[in-house]
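# coordinates only, sequence not included:
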């Protein structure tokens with residue numbers, strides 16, 4: 001099954017979160033501008049939240065089904081693309097979100113895509129050791145401890161945390177949350 005089919009099936013059959021991520025609610029206000037990018041936006045839970053705050057958002061995802069669930073709005077521009085080959089336009093965004101997705105090839109493009117003073121909000125799964133943790137079968141989809149502050153060391157870290165949480169299936173996982181600012 002190709003990635004697009006797999007993600008379309010997942011979005012259609014599994015209950016996806018509809019509330020915006022807590023980290024987005026807490027830290028989006030740090031952005032001084034209103035041009036945002038939502039990487040792997042899914043059905044648009046964070047995209048819709050930012051649109052209500054007055055952001056113009058590029059909402060990017062591989063799943064055409066997920067993108068079809070995003071409300072039509074002059075503030076939201078959906079982009080259907082394979083994120084493994086996607087290139088972010090340099091110096092374009094005041095705010096970039098990367099929630100529950102990991103494609104390390106995007107790291108340089110993410111940094112370049114931020115305007116001076118731009119904010120990055122990045123939150124996804126991290127390798128968890130010990131009994132009772134659920135880890136995806138492919139370790140490429142998991143961050144390493146302190147990987148985000150290390151890989152984005154050219155940005156100023158505003159917040160970083162690694163914590164235990166329950167995923168949408170009730171499984172114990174470890175999450176890394178990172179907020180940083182591009183220096184002016």
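Happy to help now that I have it. Every value quoted in this text rests on a predicted model; they were computed, and no experiment measured them.

# what's the burial count for residue 47?
31 (other Cβ atoms under 10 Å). For every residue, glycine as well, the C-beta is placed using N, CA and C.

# and if you look at residue 24?
23.

# what helix or strand is the residue sitting furthest away from the middle of the chain on?
Distance from the C-alpha centroid of the chain peaks at residue 131, with 27.4 Å (Cα atoms, centre = their mean). Following DSSP states H and E, there is no helix or strand that holds residue 131.

# Roughly how far does it sit from residue 23?
Distance, residue 131 to residue 23, using Cβ to Cβ, to the nearest Å: 27 Å.

# Over to residue 44?
From residue 44 to residue 23 the distance is 17 Å (Cβ to Cβ).

# Over to residue 141?
19 Å.

# Of these two, which one has the most company?
Comparing residue 141 with residue 23 by other Cβ under 10 Å, the one with more neighbours is residue 23, at 20 against 15.

# in the chain, which ranges drop under the pLDDT threshold?
1, 4-9, 11-12, 15-17 (pLDDT under 70).

# for the residue nearest the centre of it, what are its contacts?
The chain has residue 98 as the residue nearest its centroid, 1.7 Å off, counting by Cα atoms, centre = their mean. Residues in contact with residue 98 (Cβ atoms under 8 Å, 6 or more residues apart in numbering) are 39, 40, 106, 110, 120, 121, 122, 123, 124.

# What segments of this protein are strands?
Counting by DSSP state E, the chain has strands at residues 35-39, 56-61, 76-80, 93-99, 114-126, 155-166, 172-182.

# Run the angle between the last one and strand 114-126 for me.
With axes from the mean of the first three to the mean of the last three Cα atoms, to 10 degrees applied, the angle from strand 172-182 to strand 114-126 works out at 170 degrees.

# counting contacts, what elements does strand 172-182 pack onto?
Here strand 172-182 touches helix 22-27, strand 114-126, helix 147-151, strand 155-166, going by 3 or more Cβ pairs under 8 Å, 6 or more residues apart in numbering; DSSP states H and E.
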